[in-house]
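> With the input below, show me the fold.
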Amino acid sequence: MRKLKFQRQDLHKKKRLKPVWRRPKGIHSKLRRFQSKGLKPSIGFKKQALQEIVIRVENEQQLRALKQEAKQRAKPVKVVIASNVGLKKKIKLLQLAKENNIQVLNHDLERLKQKFENMKKRKAEALKVKEEKLKAKTVKLEKEQKIKQEKQVKQEKQGLQVKESKEKSEKPKEREVKPKEKLKEKEPELKESDKEKEKQVKDKEKILTKRV
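Take a look at the predicted model:
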């Protein structure tokens, strides 16, 4: 059957009009009033389009079941992946749909793979930054601990020195004895020894006189 062309009214007069059919509605429209002025479509001229089945999918089991349904109905099946599905699962579903020749309307496999790779790179960079920050923090803490330990050691040394100086200051200083003073101190000792000798001599004399 020859395909008929239905042109809207005054299409040849105005450039801004598109070659799409519009039903004439004007009171004085000759296309509306007279059949000889142009072709008008009636019911039955529309192209019969294939009825497509669009189904919402959330997991792999639903996708596998759709393949069997498409074979039974002998009609093209198109799929829409739900928005609550994660990125990894979306990639798996797209790969499975590609293997089973099922068309996915709302996602592209290559674009999602690139997105997933970019996310991995960003995560790796973020982890590196965190590790560098942690290393810097640990280095700072180690330096601070070393400085604290050195300060404590210095304080302990200073405390010991202070204690020793106090002990020295508290002890009575021993007076240095000169050689002349030493002789003077020895003289009374000699005198006392002489007195004892004299006493002994006297005692002996007394004893002798008593015997006589």
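> For the protein, give me the ranges with low pLDDT.
1-2, 47-53, 70-76, 170-195, 208, 210-212 (pLDDT under 70).
> domain assignment for it?
What automatic domain parsing lists as the domains of the chain is 7-38, 53-107.
> Dump these to JSON lines, plus mean neighbour count and distance to Lys148.
C-beta here means a position set from N, CA and C on the backbone, and glycine is covered the same way. Formatted as JSON lines, the domains of the chain follow (neighbours: other CB atoms under 10 Å; distance: least, CB to CB, whole Å):
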{"stretch": "domain 7-38", "mean neighbour count": "11", "distance to Lys148": "83"}
{"stretch": "domain 53-107", "mean neighbour count": "14", "distance to Lys148": "49"}
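> Which parts of the protein are strands?
53-57, 77-81, 103-104 (DSSP state E).
> from the chain's centre, how far out does the first one sit?
Relative to the mean C-alpha coordinate of its chain, strand 53-57 is positioned 39 Å out (CA atoms, centre = their mean, to the nearest Å).
> Pull the contacting residues for Lys120.
Listed by CB atoms under 8 Å, 6 or more residues apart in numbering, Lys120 has no contact partners.
> Lys206 is nearest to which of the strands of the chain?
strand 77-81 (141.4 Å; CB to CB).
> picking up where we left off before, could I get the strands of the chain as TSV with distance to Leu134?
TSV is the format used below for the strands of the chain (distance: least, CB to CB, whole Å):
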stretch	distance to Leu134
strand 53-57	43
strand 77-81	39
strand 103-104	42
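> out of these, nearest to Glu150?
strand 77-81 (63.6 Å).
> Adjacent strands (with direction) for that closest one?
Strand pairing for strand 77-81, using DSSP bridges, gives strand 53-57 (parallel), strand 103-104 (parallel).
> can you dump the C-alpha coordinates of it into PDB?
Listed next in PDB are the C-alpha coordinates belonging to strand 77-81 (Å, rounded to 0.1, in the frame of the first residue of the first chain):
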ATOM      1  CA  VAL A  77      11.500  -6.400  26.400                       C
ATOM      2  CA  LYS A  78      13.100  -3.200  27.700                       C
ATOM      3  CA  VAL A  79      14.300  -2.800  31.300                       C
ATOM      4  CA  VAL A  80      14.600   0.000  33.700                       C
ATOM      5  CA  ILE A  81      17.000  -0.500  36.700                       C
END
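> looking at the domains of the chain, which is closest to Glu156?
Judging the domains of the chain by CB to CB, what sits closest to Glu156 is domain 53-107, at 60.0 Å.
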